[in-house]
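Participant: sequence? don't have it. structure:
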Ligand code: SF4
């Protein structure tokens with residue numbers, strides 16, 4: 001593979017297959033690149049491609065304590081399927097402690113704050129030890145994700161000195177391609193998908209939506225909210241800014 005100028009990396013990675021995008025990340029970052037997954041379809045494909053290519057990325061998942069039992073069971077099935085230990089990242093407060101100290105059923109009164117406590121802050125802490133975060137984001141998932149790049153550079157803490165690369169190796173995959181891959185490779189998936197759930201998060205904030213439409217329409221019904229915040233709390237650095245800044249994160253090496 002040829003050398004990739006980090007400032008042109010997104011353009012160059014766009015030309016590669018999803019597997020080669022992952023290979024690039026392994027050669028660039030090693031185990032400082034980690035796959036974060038909630039076991040949606042694209043995440044499963046990304047992990048499978050990495051495992052099949054012999055790329056032993058750490059894999060982690062956020063467990064809010066409010067997941068569907070089917071999701072919790074799926075994690076165990078996938079660990080067996082891939083012979084892989086998936087790291088569980090948890091919030092500082094249990095659901096009971098959150099109710100006691102902040103308020104009961106916070107997802108009904110302030111879901112943004114609830115997501116911050118149960119998803120965003122635990123993720124931010126996990127990413128402190130990563131240089132590259134690999135996700136299952138796809139452009140087709142929603143209007144808000146339509147401009148997702150294959151490789152993006154983000155400010156992690158809103159400070160100019162802490163950067164994080166974000167690799168979205170399936171950014172340009174369709175839903176149909178993802179599910180064809182999952183079926184063809186016999187990858188275990190969440191049975192809720194067969195019951196009309198397209199995007200699966202916490203049980204108290206997710207409903208089935210049936211076929212078609214915005215894949216994330218079943219999340220946070222009744223609220224003007226389509227993102228939990230894990231994909232919006234970092235600040236994407238645009239190409240112009242990339243030219244002038246320095247970073248604690250080493251630039252990707254020659255590959
Ligand atoms: S998805 Fe709902 S329950 Fe889960 S963290 Fe966000 S607001 Fe809380």
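Facilitator: Great, that's in hand. This is a predicted model, so every value here is computed, not measured.
Participant: tell me the helices and strands packed up against the host helix or strand of residue 153.
Facilitator: If you go by DSSP states H and E, residue 153 is part of strand 151-155. Packing contacts for strand 151-155, counted by 3 or more CB pairs under 8 Å, 6 or more residues apart in numbering; DSSP states H and E, involve helix 9-14, strand 163-167, strand 235-236. Bear in mind the C-beta positions are built from the backbone N, C-alpha and C, glycine included.
Participant: tell me which residues touch residue 92, please.
Facilitator: Residues counted as contacts of residue 92 (CB atoms under 8 Å, 6 or more residues apart in numbering) are 117, 121, 122.
Participant: repeat the analysis, applying 10 Å as the threshold.
Facilitator: Residue 92 makes contact with 98, 117, 118, 121, 122, 125 under the criterion CB atoms under 10 Å, 6 or more residues apart in numbering.
Participant: contacts for the helix or strand where the last one lies next, please.
Facilitator: In this structure, residue 125 sits in helix 121-127 according to DSSP H and E. Under the criterion CB under 10 Å, 6+ apart, residues 34, 36, 58, 60, 62-64, 87-93, 115-116, 133, 154, 156-157, 162, 164, 166, 228-231, 233-234 lie in contact with helix 121-127.
Participant: now do the buried residues in it.
Facilitator: Neighbour counts using 16 or more other CB atoms under 10 Å place 121, 122, 123, 124, 126, 127 of helix 121-127 among the buried residues.
Participant: mind checking the pLDDT average for it?
Facilitator: In this model, helix 121-127 has an average pLDDT of 96.
Participant: check which element follows it along the chain.
Facilitator: By DSSP H and E, the next helix or strand past helix 121-127 is strand 132-134.
Participant: check the offset of that following strand from the chain's centre.
Facilitator: 8 Å (CA atoms, centre = their mean, to the nearest Å).
Participant: stretch 147-159 too?
Facilitator: For stretch 147-159, the distance to the chain centre is 13 Å (CA atoms, centre = their mean).
Participant: around the ligand, pick out the residues from the stretch 151-255 of the chain.
Facilitator: 201, 202, 204, 205, 228 (CB under 6 Å from any ligand atom).
Participant: could you dump those residues to a markdown table with neighbour count and secondary structure?
Facilitator: Conversion of these to a markdown table gives the following (neighbours: other CB atoms under 10 Å; DSSP: H, G, I helix; E, B strand; the rest coil):
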| residue | neighbour count | secondary structure |
| --- | --- | --- |
| 201 | 23 | coil |
| 202 | 24 | strand |
| 204 | 16 | helix |
| 205 | 21 | helix |
| 228 | 26 | coil |
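Participant: farthest-separated two in these?
Facilitator: 204 and 228 (12.7 Å; CB to CB).
Participant: looking at the buried residues of helix 121-127, which is nearest residue 13?
Facilitator: Distances from residue 13 to the buried residues of helix 121-127, taken by CB to CB, are shortest for residue 127, at 20.1 Å.
Participant: the most far-flung residue of the chain relative to its centre: which element?
Facilitator: Distance to the chain centre peaks in the chain at residue 100, reaching 29.8 Å (criterion: CA atoms, centre = their mean). Element membership for residue 100 (DSSP H and E) is helix 95-101.
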